Every structure is written in C-alpha cells, then in structure tokens.
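[1] would you be able to build a 3D model of this:
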Amino acid sequence: MQIPNLISLLRLTMAPVLVWLAWHAYSRAVLVVLVVSFASDALDGYLARRLGQTSDLGARLDSVADFAISLTIPLVGWWLWPDIMRREAPYFTAMIASTILPPMIGYCKFRTCTSYHTWAAKLAAFSVGSSVILLFAGWLPWLFRLATPVCVYAALEEIAITLVLPKSQSNVRSFWHIMRKRADHRDRVS
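    Reported below is the predicted structural model:
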C-alpha cells in the first residue's frame, strides 16, 4: 500500500466520521474534519506525483473518497445548519448533480469508475471545498455561490470527456487535451 493511497483511504473513512459528528451535533469538529479532508485531497495527489506512486488504483480510490465526502457534505449540512441548506438549496442541488452525474455516465459507458482529475475538477474541489467550510462557519455565502458554476463546468467537462473517450482513462488534464490528442493522432495516421 502506497502513502497516497493510505491518505485516500483515510479520507474515505472521514465520510462516516463526519456523519457521526454531525449526528451528535459537533459542528466545530465537523468543520475541522472537513478542513483535514480537503487538505488530504490535495496532499495525496501531490505525494503520488512527487513519489512516483501514481496508479489507476490510486486515481480511482481518490475519486471514490472525493465522491463520498461530496455526498456527505449536504447531509451533514442539513443536520447542523438547516437554515443555510434551505437558503442555499439551488446551489447544493447543482453541486450534488455535478457530483453524481459524471461518474454515473462514466459507469454506464465504461462499466467502471471514472477518475479524470481534470484541472477544472481540481479547481472545483478547491473552490467548493474552501467555500463550503466558510459557508458553514457563517462567512461569505457568496463565495459558495460563485464556486457552484465552477463545479458545474467541471462536471460538464467530465461528461464530455466520457462521451469522447473510446475507453476509460485516468488522469485527463482537460477536454481540450483529449481533443488535441485525437487531432494529433488523426494527423499522424493521414
């Protein structure tokens, strides 16, 4: 087991911990675990590249952990901050749809979990992650509202990548890179 994969597994275990903490109304602890979760998300990818420990398993494990945390956030938010969740419901709905639809479409096409880790997805994870913590802490709700379109864009890009790719592939930088690679391949063939 590689260090980045262990970090991803740790992040995956944070989802039930968040639920337990929220159930027992430990709101500050939830915020701390969310901060650790988002920090570990950045750390596992960095370490995987730095240590030369990137793998399809690691990419998929990271994606599963991201998925689990992303779906846990609205549940935890509903239990601890229902007024915020009602007020921000359209934005959370968009975030949830952006979390669920790309992997669902990827699974329908490839019969496996997709794990593209696009630049847009990384930006979305950072912007939504940091803004949701600030939102639940009672600061800057407009930041979460600005982060939501970034999340939607990242989801649409992942769906487009899934529709274009002939087979499942991990760690795709962007839709533009896929299209450029296809054009380069066509130029070499012709």
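[2] next, name the residue at the spatial heart of this protein.
    Nearest residue to the geometric centre of the chain (CA atoms, centre = their mean): residue 66, 4.4 Å.
[3] that one is in contact with residue 42, isn't it?
    No - checked against CB atoms under 8 Å, the pair residue 66 and residue 42 is beyond contact range at 11.3 Å. Just so you know, the C-beta spots here come from the backbone N, C-alpha and C atoms, and that holds for glycine as well.
[4] return the set of buried residues in the helix or strand that contains residue 84.
    Element membership of residue 84, judged by DSSP states H and E, is helix 82-87. By neighbour count on 16 or more other CB atoms under 10 Å, the buried set for helix 82-87 is 84, 85.
[5] what pLDDT, on average, does that helix get?
    Average pLDDT, helix 82-87: 97.
[6] contact partners of it?
    74, 77, 78, 92, 135, 136, 141 (CB atoms under 8 Å, 6 or more residues apart in numbering).
[7] ok, and the most crowded of those residues?
    residue 135 (25 neighbours; other CB atoms under 10 Å).
[8] the strands in the chain, which residues?
    Taking DSSP state E as the criterion, the chain carries no strands.
[9] by mean pLDDT, point me to the weakest helix or strand of it.
    helix 175-189 (a mean of 90; mean pLDDT, DSSP states H and E).
[10] ok now it, how far from the chain's centre?
    27 Å (CA atoms, centre = their mean, to the nearest Å).
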